[in-house]
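Participant: with the sequence up front, the predicted model follows.
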Amino acid sequence: MGEKTEKLLSILTLQPVVPVLIVDDVKSAVLLARALVAGGLKAIEITMRTSAALDAVRAVADEVEGAEVGAGTILNAAHWDAAIAAGSRFIVSPGATQELLDAARNSSVPLLPGAATASEVMALREEGYQVLKFFPAEQAGGAAYLKALSSPFAGTVFCPTGGISLKNAMDYLSLPNVICVGGSWVAPKELIAAGDWAGITKLASEAAALKG
């Protein structure tokens, strides 16, 4: 687990904000990823919420220099296998099941599993996980809740995702147990639809400049 933890940390420490993307077509995924990388956001999560998602992961992995692409919303072993085959460098899940943990155990690709309660954090720590996704961050108690977890769970760090924007990102990034945040605000649907890649690069640059 130690080697995979280091691999995950090397990706998540590339930037303070990991874009969480819902992609509807492969062509825009490549252009979007290039715009994000140009703005300083190299680690990119493409969620498995559309029929184009797997092909988008594959295309970004193959065609976007500098990108570290991961697959999100992975819910089971079949999802895991498909995401790895597409070229995912890391995997993100909103929670954790034994089936998913078993799939992760047998893979060299690191998993960022989700947790929203103290009991879930404890269970994942027992499995050897030190880096967790806190989801859904705002709805589960926000930065104040996550701060309260820092003392009993020393050594565990989080990437909170869910309801995070430029407005509240620093509330999380200033916490000692937060390594980065996940957010979709850096790639608004209207800018993607308009093909405003320069606008997305500008948003990415603003996000990349945030400091914890």
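Facilitator: Perfect, I can see it now. Predicted, not measured: the structure shown is a model, and the values here were computed from it.

Participant: all helices for the protein, in order.
Facilitator: Secondary structure of the chain (DSSP state H): helices at 2-12, 26-38, 53-63, 77-85, 98-105, 118-126, 142-149, 169-173, 189-194, 197-208.

Participant: ok, which of the ones you listed comes nearest Gly162?
Facilitator: Closest approach to Gly162 among these (Cβ to Cβ): helix 142-149, 9.8 Å. For the C-beta atoms, the positions are set from N, CA and C on the backbone; glycine is no exception.

Participant: got the angle between the closest one and helix 118-126?
Facilitator: Angle, helix 142-149 to helix 118-126, by axes from the mean of the first three to the mean of the last three Cα atoms, to 10 degrees: 60 degrees.

Participant: list the buried ones in helix 142-149?
Facilitator: By neighbour count on 16 or more other Cβ atoms under 10 Å, the buried set for helix 142-149 is 142-143, 145-147, 149.

Participant: how about stretch 54-66?
Facilitator: 54-61, 64.

Participant: thought Val69 was touching Arg34, still the case?
Facilitator: No: taking contacts as Cβ atoms under 8 Å, Arg34 lies outside contact range of Val69: 11.8 Å.

Participant: pLDDT below threshold where in this protein?
Facilitator: 212 (pLDDT under 70).

Participant: repeat the analysis, applying 80 as the threshold.
Facilitator: Applying pLDDT under 80 to the chain picks out residues 1, 212.

Participant: what is the neighbour count of Glu68?
Facilitator: Around Glu68 there are 22 other residues, counting by other Cβ atoms under 10 Å.

Participant: swap in Lys27?
Facilitator: If we define neighbours as other Cβ under 10 Å, then Lys27 has 12 of them.

Participant: from here on, count from 578
Facilitator: Understood, numbering begins at 578; the last thing we discussed is Lys604.

Participant: relative to Asp632, how far out is it?
Facilitator: In this view, Lys604 and Asp632 are 10 Å apart by Cβ to Cβ, to the nearest Å.

Participant: over to Ala654?
Facilitator: 20 Å.

Participant: what does Ala731 give?
Facilitator: Ala731 is 41 Å from Asp632, by Cβ to Cβ.

Participant: please apply the same query to Ala620.
Facilitator: 20 Å.

Participant: cool, Gly759 as well?
Facilitator: Relative to Asp632, and taking Cβ to Cβ, Gly759 is found at 22 Å.

Participant: next: Leu613.
Facilitator: Distance check for Leu613 against Asp632: by Cβ to Cβ, it reads 18 Å.

Participant: show me the contacts for the residue lying closest to Gly732 once chain neighbours are set aside.
Facilitator: Among residues not flanking Gly732 along the chain, Gln707 sits closest, at 6.2 Å (Cβ to Cβ, 6 or more residues apart in numbering). Going by Cβ atoms under 8 Å, 6 or more residues apart in numbering, Gln707 touches 582, 732-734.
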